[in-house]
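A.B. asks: Let's see this in three dimensions:
(2 chains)
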Amino acid sequence: MSHGTLSALVILFAAVFTNNVVLSNFLGLCSFLSVSRAVTSSIGLGMAVTFVMTTTAGLNWLVYHHVLVPLGLVYLRFAVFIIVIAAFVQFVEMALERLAPALYFALGIFLPLITVNCAVLGVALFMIIRQYSFLESVAYGLGGGVGFLVAITVLASLRWRIRKSKVPPALQGAGIAVIMSGIMALGFVGLSGLITIN
Amino acid sequence: MTSRHIFVDGVFRQNAVYRQILGICSTLAVTNLLSNTLVMSLGLVFVTAMSSLTVSLLRTVTPSRIRMMVQVMIIATYVIVIDLVLQAFLPEISRRLGPYVGLIITNCIIMGRAEAFAAKNPPWPSFLDGVAMGLGYTVVLMSIAVVRELMGFGSLFGITVLPPWFTRWTILTMAPGAFFMVGIVIWVMNTLDPPGRAGQAR
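C.D. replies: Below you'll find the model as predicted:
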């Protein structure tokens, strides 16, 4: 296996387990906390995020290295990345509606949410700062998406399990969800010795 | 609505972080050091206030179909300004904050206020509302950062204040500690000032 593929695999694994985008980089928390009330919609959102994140990581890498860097417009990256993400989400929404109505009804409602999901933009910014290659960036996007899917599904299941427990009134809803995420993060910290990426 | 109402609402009643659970990505990510937190909060106050003002000034000429896109562009412009200023004058902090400065764009607080308040109100109240929301965020972030830096590193603004025999609570400097602190803040604030009167925005 070549060195490039190996490092891409390491990044993929790290983004899911040791450097989980949600639980150790704190990305995408708004939708993580608000959608995790039901397991099925959590899985739907997680899959939509995985798809958008993988594709936009690749797209943004190409735009950054082949358009922004040659033109010396690197400082515009925030605005350009968010346009790429928003345009791509819009495009996918229209394509799904025409070509795969069933999938559109399953994932469609989550698509607009994804534009403002900070995990998607966060992945694009991290991959630039860490100077990933194209392959590594796509792997990081995929790993980030799967990490989000894992985290939100686990949290949604936990919230389902405690639905009849007596939670202090002031902690009901988001409060207890944040504390449970903390306990999950503690579990993921236990994995952090496996591999390190900077 | 008077200016005073807007302020009390923004800072406490409808506090973005513990009442509306918005913008907590950066709340968790930057609060392990007070200096990072202060810079981040000031940046956010600037972006929220200026983008609310701009969105409000343009509210009559913005076509409603593309208003989200216009709002995102306005916000992105101010974030680019902040990023360039930080890189020029505070390179050390800019490096430590890393991507989280850019993530102000997708901070739901700003988008939320632009959409819920600035798009319907005149410029001056919108500006005040932006400042108040930003300050509410600052208050919560700074109080979390004080606990995390003091207990986790034994220092405040990088100056060591706790004696060496005090065992540092390392967990507070890591990711789980951040989640626990936000949970505790939500708990304490909901106990002191139970929601309901103001109505929850969720």
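A.B. asks: For residue A:26, give me its contacts.
C.D. replies: Residue A:26 is in contact with B:24-26, B:28-29, B:175, B:178, counting by C-beta atoms under 8 Å, 6 or more residues apart in numbering or on different chains. C-beta: built from backbone N, CA, C; applies to glycine.
A.B. asks: Among those residues, name the ones in helices.
C.D. replies: The helices, defined by DSSP state H, take in B:24-26, B:28-29, B:175, B:178 from those.
A.B. asks: can you narrow those residues to ones near chain A?
C.D. replies: Contacts with chain A are made by B:24-26, B:28-29, B:175, B:178 out of the ones in helices among the contacts of residue A:26, judged by C-beta under 8 Å from any C-beta of the partner chain.
A.B. asks: Show me the helices in chain B, by range?
C.D. replies: B:3-8, B:24-30, B:34-57, B:67-89, B:91-97, B:108-113, B:123-153, B:175-192.
A.B. asks: Indicate the residue of chain B located nearest to chain A.
C.D. replies: Nearest residue of chain B to chain A (C-beta to the nearest C-beta) works out as residue B:179 at 3.1 Å.
A.B. asks: Contact partners for the residue lying closest to that residue once chain neighbours are set aside?
C.D. replies: Excluding the flanking residues, the one nearest residue B:179 by C-beta to C-beta, 6 or more residues apart in numbering or on different chains is residue A:182, at 3.1 Å. Shown in contact with residue A:182 (C-beta under 8 Å, 6+ apart): B:176-180, B:183.
A.B. asks: which residues of chain B score low on pLDDT?
C.D. replies: Applying pLDDT under 70 to chain B flags residues B:1, B:195-202.
A.B. asks: closest point of chain A to chain B, which residue?
C.D. replies: For chain A, C-beta to the nearest C-beta, closest residue to chain B: residue A:182, 3.1 Å.
A.B. asks: before we move on, the earlier item: and the helices of chain B: which comes nearest residue A:151?
C.D. replies: Residue A:151 lies closest to helix B:175-192 among those, at 11.7 Å (C-beta to C-beta).
A.B. asks: Name the residues that touch that closest one?
C.D. replies: A:23-24, A:26, A:168-171, A:174-176, A:178-179, A:181-183, A:185-186, A:188-189, B:15, B:17-19, B:21, B:24, B:27-29, B:31-32, B:140, B:143-144, B:147-148, B:152, B:169, B:171-172.
A.B. asks: what's the average pLDDT for stretch A:189-198?
C.D. replies: Averaging pLDDT along stretch A:189-198 yields 70.
A.B. asks: cool, and stretch A:134-148?
C.D. replies: 91.
A.B. asks: what comes up buried for that stretch?
C.D. replies: A:135-148 (16 or more other C-beta atoms under 10 Å in any protein chain shown).
A.B. asks: again, but for stretch A:70-83
C.D. replies: By neighbour count with 16+ other C-beta under 10 Å, stretch A:70-83 contains the buried residues A:76-83.
A.B. asks: likewise stretch B:40-56?
C.D. replies: Result for stretch B:40-56 [16+ other C-beta under 10 Å]: buried residues B:40-41, B:43-56.
A.B. asks: Also stretch B:169-179?
C.D. replies: Neighbour counts using 16+ other C-beta under 10 Å place B:171-179 of stretch B:169-179 among the buried residues.
A.B. asks: What mean pLDDT does stretch A:91-104 get?
C.D. replies: On average, stretch A:91-104 scores 80.
A.B. asks: Only alpha carbons, please: show it as CSV.
C.D. replies: Extracted in CSV, the C-alpha atoms of stretch A:91-104 (Å, rounded to 0.1, in the frame of the first residue of the first chain):
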residue,chain,number,x,y,z
PHE,A,91,-28.0,21.2,-6.1
VAL,A,92,-28.3,17.9,-4.3
GLU,A,93,-31.7,18.9,-3.0
MET,A,94,-32.9,19.6,-6.6
ALA,A,95,-31.3,16.4,-8.0
LEU,A,96,-32.7,14.2,-5.3
GLU,A,97,-36.2,15.6,-5.7
ARG,A,98,-36.1,14.8,-9.5
LEU,A,99,-34.2,11.5,-9.4
ALA,A,100,-34.8,9.8,-6.1
PRO,A,101,-38.1,11.1,-4.5
ALA,A,102,-38.0,8.4,-1.8
LEU,A,103,-34.5,9.4,-0.7
TYR,A,104,-35.6,13.0,-0.9
